[in-house]
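**Q** this is a predicted model, with the sequence first.
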Amino acid sequence: MGCAVDVVIVDGSPELLYLARMSIDHLERRWSRFIPESDISRLNHAAGSTVHIDPATVVLLRSMIDGWRATEGAFDPTMLAPLVGLGYAASWHDPSAVTSLPHGALVRGDLEQLSLDPQLNLASIPAGVCLDPGGIGKGLAADMVVGHLIAAGARGASVSIGGDVAVRGAAPQDGGWLVGVADPMDLDTESAQLAIVLGGVATSGTLRRCWRGDDGTARHHLLDPATAQPAHHDREIVAVTVVAGTAAWAEVWTKAVMVRGAAMLPVLDRLGLGAQLTYADRSTAANGSWRTFAGSSEQRGDLVGDVVEMVEV
Amino acid sequence: MTAAATTTAATMTDPLLPNPEISASAAERLAALRQPSTSKKRQKPAHTSKVLTAGLSTTALLGMVAVMGWQSGTGTAQTSTSPTLTVPTAQTAVPTPVAPTVAPLVPTPTTVSGVIAVPPAPAPAATIPVPATLPVIQVPVVQVPVAVPAAQPPARTTAGRAQSNTTTKSSG
């Protein structure tokens, strides 16, 4: 997945570390769009034919559909073709690994046309539709690996894949897991800290995996499904962090906030999801649910509806 | 769906309840079935709980926090997804779908006026066609799970903040 992985296991055998690594590697081989033999690559090139996939990929596809529906399309995992067209074709981790698009790749697909047979692990997508697990895969993988570790005997576990975090079970200390929120301008500094017993936290931002196009314009990888261009707001958002029941859901909703902006914060609040966004001027905004996990004494600024504006956190 | 299930459940009868339609002998057998078993149950070994307790005590004493890799100064683990381990891969071959076949029952020969009627020739095995398109998953209502917060939020001042167990950040 081209990113760092942090694993913390509480009261488990060292062999569980191998299990975690094996699980992540397995998912990488199934889901990477940079690996031609992966389930995702084979689906994208199947031209509508049915493909046998790994059971974990069945879960991935169902999660994609759920996320797409819940966000009413703001999270759209079918935007691979424009992403590649804008310049994100090669892996940041391994530039020699390049995504190949099928002939007649569509700018955007209709996930309602994604067909699944969970019993036989078969799937098909219409010809031209190209799936990109980049917006959900890391979070879902973190959820799965945490589940594997707990099932294998760990009393508690935390898995962070590229900064998308899943926590479950006993924490190393009393009071739940402490999840730091890195300052998007300085990843070595934490701008906030969350206390969570069970759930997932994900952050999406525009300051990483960004590049300049042939015309010199700055581009990032978070595309707006409405325009098939990098998401843009008058008040530039550089990072969004969401707390949800799973890392996969948290990752999905970060995309929705990144695409639709601060107007989504009250929406997430009504769902019980904590969310905070950071603007380019380093000011932040968070919803009321965020305070459930981050406390309130550090929040500064006025309460705007159920959105808390914070400055210079 | 719920109403139908409820109706079905209401019309069901417990086979162990007295029923006038059941003969007396059957009722006696049923009554015998209801009697608590006189056979001696196998006792759990007394040492089991001690073993578990000892295990938990050891666990508590050790308080082991396993970490992957080592990040200097922080005690957190960090590694890369670069494949450095030989990992068994799952089967990738696509199995060829086999159309299940159902052989029709051969009708039993019947006699008409003492003449053995010739049964019709058995029809070829019926083939259940594999649908050209797979069923589209119908997700009823998407339920978004929420996280469970800790009873106490973390310390709020930077100076008093405990070290985080992990960190969320944008990797892209």
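**A** Structure's in. What do you need? The shown structure was predicted, so the numbers you read here are calculated from the model rather than taken from an experiment.
**Q** next, count neighbours for the residue of the stretch 1-150 of chain A found nearest chain B.
**A** Closest residue of the stretch 1-150 of chain A to chain B, C-beta to the nearest C-beta: A:Ser115 (3.7 Å). Quick note: C-beta positions are derived from backbone N, CA and C, even for glycine. Counted with other C-beta atoms under 10 Å in any protein chain shown, residues neighbouring A:Ser115 total 19.
**Q** pass me the low-pLDDT residue ranges in the stretch 51-200 of chain A, would you?
**A** The model of the stretch 51-200 of chain A has no residue with pLDDT under 70.
**Q** so the residue of the stretch 1-150 of chain A closest to chain B makes contact with A:Ser124?
**A** Yes - assessed by C-beta atoms under 8 Å, A:Ser115 is found in contact with A:Ser124 at 4.8 Å.
**Q** for stretch A:254-270, list the C-alpha coordinates in CSV.
**A** C-alpha atoms of stretch A:254-270 as CSV (Å, rounded to 0.1, in the frame of the first residue of the first chain):
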residue,chain,number,x,y,z
THR,A,254,-13.0,12.1,5.1
LYS,A,255,-13.4,12.0,1.3
ALA,A,256,-17.0,13.3,1.6
VAL,A,257,-15.8,16.2,3.8
MET,A,258,-12.9,16.9,1.5
VAL,A,259,-15.2,17.0,-1.5
ARG,A,260,-18.2,18.9,0.0
GLY,A,261,-16.4,21.0,2.5
ALA,A,262,-17.3,22.3,6.0
ALA,A,263,-21.1,21.9,5.2
MET,A,264,-20.6,18.2,5.9
LEU,A,265,-19.5,18.7,9.5
PRO,A,266,-23.1,19.0,10.8
VAL,A,267,-24.1,16.0,8.7
LEU,A,268,-21.4,13.9,10.3
ASP,A,269,-22.4,15.2,13.7
ARG,A,270,-25.9,13.9,13.3
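**Q** so it, near chain B or not?
**A** No - judged by C-beta under 8 Å from any C-beta of the partner chain, stretch A:254-270 stays clear of chain B, getting no closer than 8.8 Å.
**Q** pLDDT-wise, which helix or strand of chain B ranks last?
**A** Every helix and strand in chain B was compared by mean pLDDT, DSSP states H and E; the lowest is helix B:47-62, with a mean of 31.
**Q** in space, what's closest to A:Thr57 - neighbours in sequence excluded?
**A** Closest residue to A:Thr57 apart from its sequence neighbours, by C-beta to C-beta, 6 or more residues apart in numbering or on different chains: A:Asp39 at 4.2 Å.
**Q** identify the residues contacting that neighbour.
**A** Neighbour list for A:Asp39: A:Arg30, A:Trp31, A:Val51, A:Ile53, A:Asp54, A:Thr57 [criterion: C-beta atoms under 8 Å, 6 or more residues apart in numbering or on different chains].
**Q** what of A:Gly180?
**A** A:Glu190, A:Ala192, A:Gln193, A:Leu194, B:Ser164, B:Thr166, B:Thr167, B:Thr168.
**Q** now do the same contact list for A:Asn121.
**A** A:His52, A:Ile53, A:Asp54, A:Pro55, A:Thr57, A:Val58.
**Q** and of those residues, the nearest to A:Arg235?
**A** Comparing the contacts of A:Asn121 against A:Arg235 with C-beta to C-beta picks out A:Thr57 as the nearest, at 38.0 Å.
**Q** which ones are touching the closest one?
**A** A:Arg30, A:Trp31, A:Asp39, A:Ile40, A:Asn121, A:Ala123.
**Q** let's have these in CSV, adding distance to A:Gly134 and secondary structure.
**A** Output for those, formatted as CSV (distance: C-beta to C-beta, whole Å; DSSP: H, G, I helix; E, B strand; the rest coil):
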residue, distance to A:Gly134, secondary structure
A:Arg30, 14, helix
A:Trp31, 9, helix
A:Asp39, 14, helix
A:Ile40, 10, helix
A:Asn121, 22, coil
A:Ala123, 18, strand
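**Q** ok, those residues vs A:Met264, which is closest?
**A** A:Trp31 (26.3 Å).
**Q** nearest residue to A:Arg69 other than its sequence neighbours?
**A** B:Val142 (5.3 Å).
**Q** how many neighbours does that neighbour have?
**A** Neighbours of B:Val142 (other C-beta under 10 Å): 13.
**Q** nothing else from me, thank you.
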